[in-house]
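J.: Next comes the sequence, and after it the predicted model I'd like to discuss.
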Amino acid sequence: MQAYESTKSLWWLIHKDLTREFRVQHVWPGMVLLGLVLVFLLATQLELSLEEKTRVAGGLIWLAIFFAGTIACERSFAGERDAGCWQVLALYPVAPSVLFLAKVAVNFVALAALEFVLVPVFIVLSDVPLASRPGPLMLIAVLSNFGFVSVGSLVSALTAGVRRRGSLLALLLLPLVVPVVFGSAEATRLLLTGPIDSQWWLWTELLAVFAIVFVVVGAFVFEFVVEE
Amino acid sequence: MKTLSPDRTPTANVAAGAVVACLVLIATWMIFFFAPTEATMGEVQRIVYFHVSVAWCGLAGCVAMGCCGAMFLVHRRLKWDFWSQAAGEVGWLCATLTLMTGSAWAHEAWGTWWTWEPRLTSSLVLWIIYAGIFLVRSSVEDPLRRARIGGVLAVVGMVDVPLVLMATRWFRGVHPVSPEMDPRMRWVLLASVISFTALFTYLTWQRRRQLELSERAAQLETTVWSANVASPN
Amino acid sequence: MMQMFHNTMLTSALAIDRTSTPISHVLGGNAVEATGLTVVYGRLPVLRDVDLEIAAGESVAVMGPNGAGKSTLLNCLVGAVRPAAGRVRWFGEASARCNFVRRQIGFLGQETGLYDELTATENLLFAGRMYGVSDVHDRVANLLADGNLRPQAHRPVGQLSQGMRQRVAILRALVHEPRLLVLDEPSANLDAQGREWLERLHARWRSAGRAICFASHDAAQCRALADRIVHLDAGRVVAIERCDCPATQLQGCA
């Protein structure tokens, strides 16, 4: 019964955030635009042979995605605080972990939307066949997204009420997600340059471990985050 | 706010400081006079004893910061936050020294100031994580709120560090190789690690004491100020 | 596999939730009891050793100059702020993180806490759903009708006037029919009509046995609506004024 209640609350929290975003596009346009600018700049610097471009493309596209993705994470809690809604949200009879998981889900969707735009654009601008193996690439994307947004949501919640929060988030978040950056870049490089072997699975497992660890850790420590 | 515990006499501090100083001096003597000279790199190789020791302390600082941060979140006593901040600051200093000694060694060994060697890479990431945590802490004025936010970040950082180490070890297929070491070198390395750990502990203890005294002074100041406000006559 | 993961995550969520509610819980008696409340911001005490009890069906107003600690006291009464010393109990339950307690409390803070992009209806529906209200659509429709907000029901809250937003925020505090209402300056931004509506609501809540605590700068309104007025100054209770007699009785506490 309580699991059902929590699931319903989770659904309505996600519904609320997605409705807000679709109705008044606060976050996604800026995020996608920044991603496009980064992809454009990176692609213009790739004056390399196709083989060399294929080796570095993985790292570049993921950097662009994660840099732009910090915007989604930053606004996820800043948007609540700006409206004075965070205090009300924290008082609902909902476990703090459910609030956290809802934000993780919404930011995951934001990042997925960003990837759906950036990957094709990067392919067009750089000629790198990023989507030659869509299944494994999507697995990398799903695991990276979860890892990135779980840490991003947690750090965003912590820094939302702090002075100079905008500059703090990227400074804090990006070093913490280094395993995700390395993992997604290396897994993509291996995917594009060779067969799916044990080395590829090693990086993918690292992404999976990171995602699981930080979704769980975030859910557990979030009760300390919601306090005033 | 709970009353802070009274300060202990400085005798224990001086005695501990003397012991630590002796350990460090002995280790330094061993590094320069007991350890044999390495065949390929010569005298420059002795940097490794310092490098490995401070690298270990940098990691230990991160773990200690995380554990003490978790203790604060559970018990809500500021003393745990003081330990957490102190361990973090000394650990950050050690991470800085790791980068400096690592760069110096890399320059001598490979002719470049930087290499994507796993320990250097992970130390750089660790250094930036420390920097971010301290930047956030410095942006929060309320001590309890700062301790809570710092505690959560310290726990996240502590959990993250093993994953960072794994990722940097596998990055670009570089696997750290334990070099063949003369037995005397191993003893010197052990002595160096022990002495620097003692130094790290001592510095953390002193810094913790400094933070506690500083907080006590601030509380007294506030008490006097609010008493004056309440009855200005 | 996903189902197991899902269940595990929800079980973890529940483990932190501490929703254990004693079946022997008593709904009568005091809605909220605060004892020795001390709150410190930075190193400055904002509330010092404040005691306050509110019985079911009682209305208590909190008054005081700016910076007296009114909002902080109200935040403590809803469990939004953890005091440095003292404790608060709700309906005999000690933990504000207990879902049962949270479902019994309705709160209006200094900010409306409404989502500007959502309509008034959507804001109230969201709150109702989060509180687990079963007939939420009917309940919201009735509330909007009662607040004379039907014409604005489908407009984004960001496009409403301050007074209308305040009404929506008050309705949001009521959507789950809580037994304890805590309102920080509820009549702020309300016009004369809005104030009359609030006073009618207040009378209805009282007769329904709800406990009410509200902060206000309007002394006349406090005397008209409240059973007691707690006067705060510099974080301390300096006087308690009883308003249930023709001649008010002033009880000093300093």
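T.: It's in.
J.: residues in contact with stretch C:191-211?
T.: C:31-32, C:54-59, C:146-148, C:163, C:166-167, C:170, C:174, C:178-181, C:186-187, C:190, C:212, C:221, C:224-225 (CB atoms under 8 Å, 6 or more residues apart in numbering or on different chains). Backbone N, C-alpha and C define where each C-beta goes, glycine included.
J.: is it true that residue C:52 lies in a strand?
T.: Yes - applying DSSP: H, G, I helix; E, B strand; the rest coil, one finds residue C:52 inside a strand.
J.: I figured it was touching residue C:30, is that so?
T.: No - with contact defined as CB atoms under 8 Å, residue C:52 does not count as touching residue C:30 (9.9 Å).
J.: more crowded one of these two?
T.: Neighbour count, other CB atoms under 10 Å in any protein chain shown: between residue C:52 and residue C:30, residue C:52 has more, with 22 against 19.
J.: residue in chain B nearest to chain C?
T.: Residue of chain B nearest chain C, by CB to the nearest CB: residue B:222 (4.1 Å).
J.: got a list of what that residue touches?
T.: Here residue B:222 is in contact with C:42, C:43, C:44 (CB under 8 Å, 6+ apart).
J.: what residues are up against the second one?
T.: Pointing back at residue C:43 there. Residue C:43 touches B:1, B:143, B:218, B:219, B:222, counting by CB under 8 Å, 6+ apart.
J.: do the same with the last one
T.: Each residue near residue C:44 by CB under 8 Å, 6+ apart is listed here: B:222, B:226.
J.: what pairs with it across the strands?
T.: residue C:41 (DSSP bridges).
J.: ok, now how distant is it from chain A?
T.: In this structure, residue C:44 and chain A are 16 Å apart, going by CB to the nearest CB, to the nearest Å.
J.: how deep is residue B:201 tucked in, by neighbour count?
T.: Residue B:201 - counted by other CB under 10 Å - has 17 other residues nearby.
J.: got a pLDDT number for it?
T.: The model reports residue B:201 with a pLDDT of 95.
J.: tally of neighbours for residue B:51?
T.: Residue B:51 has 24 nearby residues by other CB under 10 Å.
J.: ok, is the helix or strand where it lies in contact with chain A or not?
T.: If you go by DSSP states H and E, residue B:51 is part of helix B:47-75. Yes - using CB under 8 Å from any CB of the partner chain, we find that helix B:47-75 touches chain A at residue B:73.
J.: Which positions within that helix qualify as buried?
T.: Buried positions in helix B:47-75, judged by neighbour count with 16 or more other CB atoms under 10 Å in any protein chain shown: B:47-73.
J.: low-confidence ranges in chain A?
T.: For chain A, the stretches with pLDDT under 70 are A:83, A:163-166, A:228.
J.: Can you name the residue of it nearest to chain C?
T.: Closest point on chain A to chain C, by CB to the nearest CB, is residue A:84, at 2.7 Å.
J.: list the contacts for that residue?
T.: By CB under 8 Å, 6+ apart, the contact set of residue A:84 is C:109, C:110, C:111, C:112, C:113.
J.: any idea how far the closest residue in space to the third one that isn't next to it in sequence is from residue C:108?
T.: Sequence neighbours aside, residue A:84 is the residue nearest to residue C:111 in space, at 2.7 Å (criterion: CB to CB, 6 or more residues apart in numbering or on different chains). Going from residue A:84 to residue C:108 by CB to CB, to the nearest Å gives 11 Å.
J.: all helices for the chain, in order.
T.: Just so you know, I chose chain A. Secondary structure of chain A (DSSP state H): helices located at A:2-23, A:28-44, A:50-82, A:85-91, A:96-126, A:134-159, A:165-176, A:178-193, A:198-225.
J.: hm, I was asking about chain C
T.: According to DSSP H, the helices that chain C contains are C:2-17, C:70-77, C:99-104, C:120-130, C:136-146, C:162-174, C:192-207, C:219-225.
J.: Mind telling me which of these the model trusts least?
T.: Among the helices of chain C, helix C:2-17 scores lowest, with a mean of 42.
J.: Name the residues of chain C found near chain B, please.
T.: So far as CB under 8 Å from any CB goes, chain C lies against chain B at C:40, C:41, C:42, C:43, C:44, C:45, C:84, C:234.
J.: swap the cut-off to 7 Å and go again
T.: Contacts of chain C with chain B, taken as CB under 7 Å from any CB of the partner chain, map to C:40, C:41, C:42, C:43, C:44, C:84, C:234.
J.: Pass me the low-pLDDT residue ranges in chain B, would you?
T.: B:1-9, B:172-180, B:229-233.
J.: Now with 50, please.
T.: B:1-4, B:175 (pLDDT under 50).
J.: center of it - which residue?
T.: residue B:91 (1.5 Å; CA atoms, centre = their mean).
J.: Distance of that residue relative to chain A?
T.: Relative to chain A, and taking CB to the nearest CB, residue B:91 is found at 15 Å.
J.: Going by neighbour count, list what's buried in stretch B:113-124.
T.: Within stretch B:113-124, the residues scored as buried using 16+ other CB under 10 Å are B:115, B:117, B:118, B:119, B:120, B:121, B:122, B:123, B:124.
J.: Which of the helices or strands spans the residue lying closest to the last one once chain neighbours are set aside?
T.: If the residues on either side of it in the chain are set aside, residue B:124 comes closest to residue B:99, at 6.3 Å by CB to CB, 6+ apart. With elements taken from DSSP H and E, the one containing residue B:99 is helix B:78-110.
J.: Which neighbouring elements make contact with that helix?
T.: With contacts taken as 3 or more CB pairs under 7 Å, 6 or more residues apart in numbering or on different chains; DSSP states H and E, helix B:78-110 sits against helix B:47-75, helix B:118-138, helix B:143-170, helix B:183-230.
J.: how about 6 Å then?
T.: helix B:47-75, helix B:118-138, helix B:183-230 (3 or more CB pairs under 6 Å, 6 or more residues apart in numbering or on different chains; DSSP states H and E).
J.: Hmm, residue A:200 is touching residue A:190, no?
T.: Yes - the pair formed by residue A:200 and residue A:190 meets the contact definition of CB atoms under 6 Å, at 4.5 Å.
J.: Show me the contact partners of stretch A:150-163.
T.: The contact list for stretch A:150-163 (CB atoms under 6 Å, 6 or more residues apart in numbering or on different chains) reads A:73-74, A:76-78, A:81, A:103-104, A:107, A:165, A:168-169, A:172-173, A:176-177, A:214-215, A:218, A:225, B:139-140, B:149, B:152.
J.: ok, and for that stretch, which residues are buried?
T.: A:150-162.
J.: With distance to residue B:105 as new columns, can those residues be given to me in CSV?
T.: CSV is the format used below for the buried residues of stretch A:150-163 (distance: CB to CB, whole Å):
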residue, distance to residue B:105
A:150, 36
A:151, 32
A:152, 35
A:153, 39
A:154, 36
A:155, 33
A:156, 38
A:157, 40
A:158, 36
A:159, 36
A:160, 42
A:161, 43
A:162, 38
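J.: wait, which of these is closest to residue A:98?
T.: residue A:153 (12.7 Å; CB to CB).
J.: Can you report how many residues lie near the nearest residue to the closest one once chain neighbours are set aside?
T.: In space, and not counting its chain neighbours, residue A:153 is closest to residue A:103: 4.4 Å by CB to CB, 6+ apart. Applying other CB under 10 Å, we find 26 residues neighbouring residue A:103.
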